[in-house]
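Participant: This is a predicted model, with the sequence first.
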Amino acid sequence: MKFTLAASILALSTAAAFAENPMVGGAAMYETKNIVENAVNSADHTTLVAAVQAAGLVETLSGSGPFTVFAPTNEAFAKLPAGTVETLIKPENKEQLTKILTCHVVGKAVMADALNKMIMDDGGKHPVPTLGGCTLQASYEDGMVHLTDENGNMATVTVADVVQSNGVIHVIDTVMLPAM
């Protein structure tokens, strides 16, 4: 009986170690593909992909990283005032768009468990400096990680730990904005 129990525990822990990435936007996310290669397949991230292309960040986010990307969904972009996205993707607004997008990117891979530990170690909130110069405040409540931008907008991580070849994506439900 002990051998069977031990074998069962080993099988479960092995399966957990090799668990597949969560699906995002109806598409499989592959650990062997980079952030951009996976994002283009997500039906929930077409606005983000268009914005990344307009900002000229495809090459950067396809690079070696590692990166953590807090990836807003199409619905997150739709929460912005009418016409905002259309205005931001115009060539003359590339600098502002780049600033907004890079406020969703951290220059290292941070898995949810590590972020949760940092939040707990810091007494319930942890500053998350981004490549765009913004500092997001991470908190944990009701089993969910939340991010608050410099304007007080709060996003919830809806899908965590989507492993990429050059980092990790955490899907969020609100666009984070730099201080205005």
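Facilitator: Arrived safely. Numbering: from 1, shown residues only.

Participant: List the contacts of Thr174.
Facilitator: By C-beta atoms under 8 Å, 6 or more residues apart in numbering, the residues touching Thr174 are 72, 76, 79, 153-156. Just so you know, the C-beta spots here come from the backbone N, C-alpha and C atoms, and that holds for glycine as well.

Participant: Please repeat the previous calculation with a cut-off of 7 Å.
Facilitator: 72, 76, 79, 153-155 (C-beta atoms under 7 Å, 6 or more residues apart in numbering).

Participant: Now rank these by neighbours and give me the top one.
Facilitator: Greatest neighbour count in these, by other C-beta atoms under 10 Å, goes to Pro72: 26 neighbours.

Participant: That one pairs with what?
Facilitator: Ile172 (DSSP bridges).

Participant: Would you point out the most distant pair within the contacts of Thr174?
Facilitator: Across the contacts of Thr174, no pair lies farther apart than Pro72 and Met154, at 12.6 Å, counting by C-beta to C-beta.

Participant: Can you flag which of the contacts of Thr174 belong to strands?
Facilitator: Those of those mapping onto strands are 72, 154-155, per DSSP state E.

Participant: which element is the residue most central in space within the chain on?
Facilitator: Most central in the chain under C-alpha atoms, centre = their mean is Phe70, positioned 2.3 Å from the mean C-alpha point. Following DSSP states H and E, one finds Phe70 within strand 67-72.

Participant: after the helix or strand bottoming out on mean pLDDT in the chain, next one along is what?
Facilitator: Here the helix or strand of the chain ranked lowest by mean pLDDT, DSSP states H and E is helix 2-17, holding a mean of 39. Downstream of helix 2-17, the next assigned helix or strand under DSSP H and E is helix 35-39.
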